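Participant: okay, here's the prediction I keep looking at, along with the sequence it came from:
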Amino acid sequence: MPKLQKALADLGLGSRREIEDWIAAGRVSVNGEPAHVGQRISLHDKVKVSGRLVQLRQSTRLPKVLIYHKPEGEIVSHDDPEGRPSVFEHLPRIKSGRWIAVGRLDYNSCGLLVLTNNGDLANRLMHPRYNLEREYAVRILGELSEEATLQLTTGIQLEDGPAKFLRLYPTGGDGANRWYEVTLSEGRNREVRRMFAAVGVTVSRLMRVRYGPIHLPPQLKRGQHRALTEVEVKSLLSILKPGGAPAMGEASAAEGEGEEITATSAPSAGRAPTRQKAAAKTGERGRKPRSSGPDSGPQLRKRAGKSAR
């Protein structure tokens, strides 16, 4: 018997976090009684959300996963009081449920947006337990000082707690603009912009190029989307098992108990300069950055755990 919030999330009604909020707000009932978070249900129970009966079913189908190249000037929301353009206006329709965004990109940011029709998968992709990295190409005005670089890679205090970049690489630029590649293992609201602002630096452009093992393929133009294949979805699910998963490339891969899953595409030329071979003035002094393999779109490539090391 599954938990109520998981069963509703699997139907694509929302993420588990959203549904837990609905339950707490009294919007969900089971057999005519107010539901509670963690409640177990069966296919014979009558579940209503906001007064509407939900058709429970047991599905063995793979979740749908979509990648979308979000341009600036679109909001990641189903409902915007200001009436701004939404990313959901450009996505294909699905018969049941709805598209759930995995994390968000703010109105003025662009790049990779991952969406799924499965709330449980969305929850796992965003859950800190899985330690999925987010990688961004960032254009700033001016150049980072050594002191600012050190702060950003060792830890800086924001209003909602400490934050730091796992990696920070200069990738070129001309004139007053400089490009950097930064990597985080969390996705707090406007975190990248707020971190640079905390050291007195203005971000003039922000582009997400990777979410976990999924990269933004160069051939995917702004405003375009592409569905992951069944093979790619299965590869993604293999590192997001409910029992928990190690950080990418660690533990199970090192011990040869599983497979490291990587993507090999990089940001398209002309949008953001590629990473330089040397990581000058970063929190990983003396360590060479990992190479980005040849472009293969968002395809997930399996490598044997031991050989991947």
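Facilitator: Cool, the structure landed.
Participant: right, and R134 touches E181 too?
Facilitator: No - using Cβ atoms under 8 Å, R134 makes no contact with E181, being 11.6 Å away. Heads up, the C-betas are built off the backbone N, CA and C, glycines and all.
Participant: neighbour count for those two, which is higher?
Facilitator: E181 (26 against 20; other Cβ atoms under 10 Å).
Participant: name the next helix or strand downstream of the helix or strand hosting the more buried one, please.
Facilitator: According to DSSP states H and E, E181 maps onto strand 177-184. Downstream of strand 177-184, the first helix or strand assigned by DSSP H and E is helix 191-198.
Participant: in its sheet, what does the strand holding E181 sit against?
Facilitator: Applying DSSP bridges to the sheet, strand 177-184 is found paired with strand 134-141 (antiparallel), strand 167-172 (antiparallel).
Participant: of these, which is nearest I214?
Facilitator: strand 134-141 (10.4 Å; Cβ to Cβ).
Participant: quick one: that closest one to chain centroid distance?
Facilitator: 15 Å (Cα atoms, centre = their mean, to the nearest Å).
Participant: do the same with stretch 119-130
Facilitator: Distance, centroid of stretch 119-130 to centroid of chain: 9 Å (Cα atoms, centre = their mean).
Participant: name the residues that touch that stretch?
Facilitator: Residues from elsewhere that reach stretch 119-130 (Cβ atoms under 8 Å, 6 or more residues apart in numbering): 6, 8-19, 63, 65, 100-103, 114, 116, 132, 185-187, 211-212, 237, 239-240, 242, 244-245.
Participant: mean confidence score for that stretch?
Facilitator: Here stretch 119-130 scores 86 as its mean pLDDT.
Participant: can you pull the buried residues of that stretch?
Facilitator: Across stretch 119-130, burial judged by 16 or more other Cβ atoms under 10 Å covers G119, D120, L121, A122, N123, R124, L125, M126, Y130.
Participant: which one of those is nearest to V233?
Facilitator: When those are compared against V233 (criterion: Cβ to Cβ), the nearest one is L121, at 8.8 Å.
Participant: let me know the secondary structure of the closest one.
Facilitator: Classification of L121 by DSSP: H, G, I helix; E, B strand; the rest coil places it in helix.
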